[in-house]
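> dropping the sequence and predicted coords here.
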Amino acid sequence: MLASAAHGENAKLTQSNTNHLETTEKSKVRGASKTPETRRKLGKGKSKCNLVPFDLPDVSELGGEVHQYDPDKKKSKKLTDNGLGKDSINKYAWSSALDDQDDLYVGTFNANFNLLGVRAFEENLEGPESFLNIWSGSPLMYSEGGAIYKQKKKGNFKQVLKASNNHVGFRKGINHMGKMYFGSSNSETGAKIFTNQYSEDSDEFKILNDSFTLHPNDVSIRAMCTSSHSGHLYIGTENVYDGPAIISYDGDSSWERWDNEGIDFGFAVAECTELSVGKMLFGTWNGSGYNLVVYDEVHESFSELDLPDHLEHNTNGVMELRVWNGYLYVGLLSYEDGFALIRTDTETISWDIITEDGFFQEQIDQIGLPKAKNPYPWSSAVVNGKYYIGTFAGVLNRGVDMGMGGNPLDLFDSRAQLWSSTDGTEWMLEEHDAFGEEFTYGFRTMQATSKGDLYIGTASHLFLPDISRPPYTDYFGEGLSGDLNKDICEIIDRIEEFGI
């Protein structure tokens, strides 16, 4: 159950003081066509399920959070609780950006793991789209739509946008020319960019008119970065059907799209940064490899960077790009090996390997054992001369010894790590326990303020369902107690009986 498996112009946008979902159509749940009489048969017959011989957590108290981290004191202050907006199915603080006044905006991934959709997912499982659509819309994930929150005084957050349920979340955010842009994930009608550029009110977000540059099969906005040379906003998409695109936007009305330019973009242009003045760098993701693509704005041409030939790493794609102190740093995802971090001088491409196992040995040296597999670096920032990386710890906790008779669920309580370096080669583990937050397997997004504070947005374990929320309440009505420990077998029995 807990193993990792992963479009709407007419969306109604609601204001921050609206707590109820408004969409153009009612969300449909598989199995909801059963009659009320059928649904009331809960508890009848002998259950074959013996799934929960231990205590499951109160999932209604879990969700993506925001922490304010003091790099000098190495202490964090939690700014949210029970998920952003106190919504437990805001599982991830998925993206963030600071405006010109250092006000923090955070975009969420809104999803409730849908056990009722497992069979439909398995029946249609083919190709990378089935896996990746978990994060853009899938039978496995019920969503009420992503949201954007803005931090107000005293650390409180105000919801400034609630999207329709097909925009399941906001994967990337950026401040471009003083305006905020957040890119959505939407496998139904395609991702869109939401912005406050159309209004003097910084809290009013609308869908950006992209002049049909974004295609319906662009299911997610994965990358956004700004050029200091042209002033253009660059965008990278995910598209496993037609291939992803690199898109340029001048901030007004001019758009340009490149779909491959003779270079393999894989199925996602996942990261981007400014390599040097007039040269933009893009990192791709194809599941079994990657490319580093350079766009020369002066000559209007694409080329590829040479990749390291001495890296022994089962790389799935690029998850981190940063130019810092004259070096380009590239973080590479690997579910099998743990992430790799490599770097090269930006003038002469000659690669050094910093880690190729998710800081495995560094964990042993610094805390005695490798608690996290760290498949990828998930966020980064530079604060006061220090380079910080936050990790996705992995679905499983490497530090649990199941031979000691502990709670088996502890195996799934993997916790994110925070690493720092002053020179880019020697890395220190500053936090290995996700600030004490259980089932928080990722530090998903970071923002460094002009005052030297570090905001960190977290990701809660995606595969722990909150059964006090839809789709479970839609299907079972009052038939569930809302306690996952009591109800999990009830749900499993219904899945088996009704074939949903």
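Now that the structure is in, tell me what you want to look at.
> and stretch 192-206, what's its mean pLDDT?
Averaging pLDDT along stretch 192-206 yields 93.
> run through who's touching that stretch.
By C-beta atoms under 8 Å, 6 or more residues apart in numbering, the surrounding residues in contact with stretch 192-206 are 7, 9, 13, 16, 99, 103, 148, 150, 158, 160-161, 163, 167, 170, 179-184, 186, 207-208, 210, 214, 221, 235, 251. Quick note: C-beta positions are derived from backbone N, CA and C, even for glycine.
> again, only this time at 6 Å
With C-beta atoms under 6 Å, 6 or more residues apart in numbering as the test, stretch 192-206 has contacts from 160-161, 179-184, 207-208.
> and for E238, the neighbour number?
Using other C-beta atoms under 10 Å, the number of residues around E238 comes to 29.
> what sits against it?
Counted by C-beta under 6 Å, 6+ apart, E238 has contacts 219-220, 222, 244, 268.
> could you tell me the phi and psi values at it?
For E238, the backbone dihedrals (degrees, to the nearest 10) come out as phi -110, psi 130.
> any idea how far it is from P471?
Distance from E238 to P471, counting by C-beta to C-beta, to the nearest Å: 25 Å.
> can you check A163 too?
18 Å.
> the residue lying closest to E320 once chain neighbours are set aside sits in which helix or strand?
Counting by C-beta to C-beta, 6 or more residues apart in numbering, the nearest residue to E320 once its immediate chain neighbours are dropped is G331, at 2.8 Å. Assigned by DSSP states H and E, G331 belongs to strand 327-333.
> direction included, what does that strand pair against?
Note on strand 327-333: by DSSP bridges, its sheet partners are strand 317-324 (antiparallel), strand 340-345 (antiparallel).
> just the mean pLDDT for that strand, thanks.
Mean pLDDT, computed over strand 327-333, is 98.
> using CSV, list the CA coordinates for it.
Output of strand 327-333 as CSV, limited to C-alpha atoms (Å, rounded to 0.1, in the frame of the first residue of the first chain):
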residue,chain,number,x,y,z
TYR,A,327,31.0,26.4,-10.2
LEU,A,328,28.0,24.7,-11.6
TYR,A,329,26.4,22.2,-9.3
VAL,A,330,24.2,19.4,-10.7
GLY,A,331,22.1,17.1,-8.5
LEU,A,332,21.1,13.8,-10.1
LEU,A,333,18.2,11.7,-9.0
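> ok, and what's touching that strand?
With C-beta under 6 Å, 6+ apart, strand 327-333 has contacts from 315-317, 319-320, 322, 339-344, 346, 376-377.
> let's see it at 8 Å
Residues contacting strand 327-333 (C-beta under 8 Å, 6+ apart): 275, 281, 283, 285, 290, 292, 311, 313, 315-323, 339-346, 375-377, 380, 387, 389, 424.
> one more: stretch 357-371?
Residues outside stretch 357-371 that contact it (C-beta under 8 Å, 6+ apart) are 334, 337-340, 355, 372-375, 391, 393, 397-399, 414-415, 417, 419, 427-429, 432.
> put the buried members of those residues into a PyMOL selection.
Per 16 or more other C-beta atoms under 10 Å, the buried members of those correspond to this PyMOL selection:
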select buried, resi 334+337+338+339+340+355+372+373+374+375+391+393+397+398+399+414+415+417+419+427+429+432
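> so which of the contacts of stretch 357-371 sit within helices?
Among the contacts of stretch 357-371, no residue falls in helices (DSSP state H).
> so which residues of this protein form helices?
Using DSSP H, the helices of the chain run over 36-39, 118-123, 127-132, 360-367, 472-476, 484-498.
> would you mark the buried spots in the fifth one?
This points to helix 472-476. Neighbour counts using 16+ other C-beta under 10 Å place 472-476 of helix 472-476 among the buried residues.
> now the end-to-end length of stretch 475-493.
End-to-end distance for stretch 475-493, by C-alpha to C-alpha, to the nearest Å: 14 Å.
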